[in-house]
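>>> No sequence on hand, only this structure:
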């Protein structure tokens, strides 16, 4: 049911006509093939009378089965495959022709006694109504679908939710409505705060990937929410953005939450925040360091998905009862790491090491630094600070940067922060990054100086939480304290290897492909001046396991 944010008009735009994307006209029919019974274009009424369309895949063996729902606007007929997403790591033949983008593959799950339902939501493709993207209103529609499915004579009445990215984000909103027949969720890398984790990073607008997602989700015979326009018209946190953050504490169903170290700028933070904030008694967190789509369809990953859904949709006693609460990859280099286990997140026993920035020497020091400054061109320059480990160290969790800074030539500054790994010879060690890239950093953080106001209730030393409700421009010559949240990471540094802190006024990595992150509307001009030492003690806080 489409709703407006209190006191605000949500802006919509005309959708891309489905025919222009080769969308077949709805054709309700049933077929039996390859061991599957498939019901195409089944209408399902929402509470206000609008009918969405779904495709139902079931084993062709009769009997009642539980359901796994894959909810996204990308087209249940799978118009886009992984060949479009160059560098995804999903090899041809990995998934069947029935698999929608980022969704559970019916050919993998139906033989195990599950149904899989692919959805065209309200306002997408041939479905009427306006499409709300990642909103509380979308969660209400998914709630209605869950309850409708539970009443079907072929369903055991138990319903689960699965899928990656958009399909994970939608799970937060649906589960927060507490549908009576929702039995389990498997959000696999999903933003849980659209403002902080997707559209703005530290208050800096993201200007590339937002447009791509808008295009991906833009096929409609009616209108779709204009997320890019709302970004431009509403740069501060308000009631509109509040509708884009699910009530995570309301979620109490069993949850298998998967995150990655490799999706900074999109899903890493939100997936881990989701795990921490949901109220489920049975919840499991897995964090990997690989490319997310390839990892989702690995045989061992699919096996864990099947085990989880069998445990909570079929009540089968299995390996899930002995799963660790947290499992994570301790990365060494690209696609090289070891799985570790923990009883909670943050990992018990984590110690936070304070490293002082030394502007004169360009190093990070445990013992402090003399007063000094370093400067760089606000648009093209950078500053480096290095810390070489004297013993093997596992850096796992949230980091944060306290930076005393000054903008010369502007009344604001956008700071881009990166943590990188250098091997003992001083060579940069790269990691998978942003779904398809192979030259990623250890971790990233961002902050617009005028958005530096903290929420004192929610902030911790290792994770500053910014209000984003008002701006505080800089006066000429003013030196301000910036508290930069650096998203979680998990990396091992051997003795003699180096952690490098990068501070600059632009993205650490830039790519031509539209499926990449970019902040093209910074407020940077002139020179950034970083202050360190006794009077302005700029520090990096890193999490080290003992």
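Thanks, I have the structure now. The shown structure was predicted, so the numbers you read here are calculated from the model rather than taken from an experiment.

>>> can you give me the helices for the stretch 1-150 of the chain?
Shown for the stretch 1-150 of the chain, the helices assigned by DSSP state H, counting those that start in this stretch span residues 106-109, 136-150.

>>> Which SSE is immediately downstream of the longest one?
Think helix 136-150. Using DSSP states H and E, the next helix or strand after helix 136-150 towards the C-terminus is strand 155-164.

>>> How about the next helix or strand after that next one, which residues are buried there?
Helices and strands here follow DSSP H and E; after strand 155-164, the next one along the chain is helix 166-176. Residues of helix 166-176 classed as buried: 166, 167, 168, 169, 170, 171, 172, 173, 174, 175, 176 (neighbour count, 16 or more other CB atoms under 10 Å). For every residue, glycine as well, the C-beta is placed using N, CA and C.

>>> And for stretch 107-121?
Buried positions in stretch 107-121, judged by neighbour count with 16+ other CB under 10 Å: 107-110, 113-121.

>>> what does the average pLDDT come to for that stretch?
In this model, stretch 107-121 carries a mean pLDDT of 98.

>>> and it, how far apart are its ends?
This stretch, stretch 107-121, spans 22 Å end to end (CA to CA, to the nearest Å).

>>> That stretch: how far from the chain's middle?
Centroid displacement of stretch 107-121 relative to its chain, using CA atoms, centre = their mean, to the nearest Å, is 24 Å.

>>> what does stretch 466-483 give?
Centroid displacement of stretch 466-483 relative to its chain, using CA atoms, centre = their mean, is 27 Å.

>>> Over to stretch 371-383?
Stretch 371-383 has its average C-alpha position 31 Å from the chain's average C-alpha position, going by CA atoms, centre = their mean.

>>> Name the residues that touch that stretch?
Residues outside stretch 371-383 that contact it (CB atoms under 8 Å, 6 or more residues apart in numbering) are 358-360, 362, 407-410, 413, 502-506, 522, 524-536.

>>> Kindly recompute the last result at 7 Å.
With CB atoms under 7 Å, 6 or more residues apart in numbering as the contact definition, stretch 371-383 has outside contacts at 359-360, 410, 413, 502-506, 524-535.

>>> Show me which of those residues are buried.
Neighbour-count burial (16+ other CB under 10 Å) is assigned, among the contacts of stretch 371-383, to 359, 410, 413, 502-506, 524-525, 527-533.

>>> Now go through the contacts of stretch 371-383 and say which are in strands.
Mapping the contacts of stretch 371-383 onto strands (DSSP state E) picks out 502, 503, 504, 527, 528, 529, 530, 531, 532.

>>> Give me the nearest residue to residue 440, chain neighbours excluded.
In space, not counting the residues next to it along the chain, residue 440 is nearest to residue 433; the distance is 2.4 Å by CB to CB, 6 or more residues apart in numbering.

>>> my guess is residue 78 meets residue 96, correct?
No: the pair residue 78 and residue 96 fails to qualify as a contact (CB atoms under 7 Å) at a distance of 9.8 Å.

>>> So for those two, which residue has more residues nearby?
residue 78 (17 against 13; other CB atoms under 10 Å).

>>> Distance check, the more buried one against residue 22.
Taking CB to CB, to the nearest Å as the criterion, residue 78 is separated from residue 22 by 11 Å.

>>> Next: residue 340.
With distances taken as CB to CB, residue 340 is found 45 Å from residue 22.

>>> And the two? Which one has more around it.
Neighbours per residue, other CB under 10 Å: of residue 340 and residue 22, the larger number sits with residue 340, 18 against 9.

>>> ok, now how distant is that one from residue 272?
Separation of residue 340 from residue 272 (CB to CB): 15 Å.

>>> ok, now residue 198?
For residue 198, the distance to residue 272 - CB to CB - is 15 Å.

>>> now residue 314
In this view, residue 314 and residue 272 are 28 Å apart by CB to CB.

>>> Residue 347 now?
Applying CB to CB, the value for residue 347 to residue 272 is 12 Å.

>>> For the two, work out which one has more neighbours and name it.
Neighbours per residue, other CB under 10 Å: of residue 347 and residue 272, the larger number sits with residue 272, 23 against 19.

>>> Which elements pack onto the host helix or strand of that one?
In this assignment (DSSP H and E), residue 272 forms part of helix 268-277. Of the remaining helices and strands, those touching helix 268-277 by 3 or more CB pairs under 7 Å, 6 or more residues apart in numbering; DSSP states H and E are strand 255-260, strand 480-493.

>>> most packed of those strands?
The highest mean neighbour count among the helices and strands packed on helix 268-277, using mean count of other CB atoms under 10 Å, belongs to strand 255-260: a mean of 27.

>>> I'd like the average pLDDT over the helix holding residue 272.
Mean pLDDT, computed over helix 268-277, is 98.

>>> residue contacts, residue 402?
By CB under 7 Å, 6+ apart, the contact list for residue 402 reads 481, 483, 538, 539.

>>> In space, what's closest to the residue most central in space within the chain - neighbours in sequence excluded?
Centroid-nearest residue in the chain, with CA atoms, centre = their mean: residue 267, separated by 1.3 Å. Computed as CB to CB, 6+ apart, the closest residue to residue 267 that is not its neighbour in sequence is residue 189, at 4.0 Å.

>>> what's the neighbour count on that neighbour?
By the measure other CB under 10 Å, the count of residues near residue 189 is 29.

>>> tell me the contacts of it?
Applying CB under 7 Å, 6+ apart, one finds that residue 189 lies in contact with 164, 165, 168, 258, 259, 260, 263, 267, 271, 292.

>>> Try it again at 10 Å.
Under the criterion of CB atoms under 10 Å, 6 or more residues apart in numbering, the neighbours of residue 189 are 102, 163-165, 167-169, 257-260, 262-263, 266-268, 270-271, 287-288, 292-293, 295-296, 435.

>>> the domain parsing of this structure - what is it?
For the chain, the structural domains run 29-323, 350-545, going by automatic domain parsing.

>>> any idea which element residue 379 lies in?
Residue 379 is part of no helix or strand, with elements assigned from DSSP H and E.

>>> For it, give me phi and psi.
When quoted as degrees, to the nearest 10, the phi and psi of residue 379 stand at phi -100, psi -30.

>>> burial of it, as a residue count?
As a burial measure, the neighbour count of residue 379 was computed by other CB under 10 Å and equals 15.

>>> so what's it scoring on pLDDT?
97.

>>> That one and residue 524: what is the separation?
According to CB to CB, residue 379 and residue 524 sit 5 Å apart.

>>> between those two, what contacts are shared?
Counting by CB under 10 Å, 6+ apart, the contacts common to residue 379 and residue 524 are 414, 504, 505, 506.

>>> Quickly name whichever of these is closest to residue 495.
residue 504 (28.6 Å; CB to CB).

>>> wait, what's in contact with that closest one?
Per CB under 10 Å, 6+ apart, neighbours of residue 504: 376-384, 414-418, 524, 528.

>>> Weed out the non-buried ones from those residues.
Applying 16+ other CB under 10 Å to the contacts of residue 504, the neighbour count classes 376, 377, 378, 383, 414, 415, 416, 417, 418, 524, 528 as buried.
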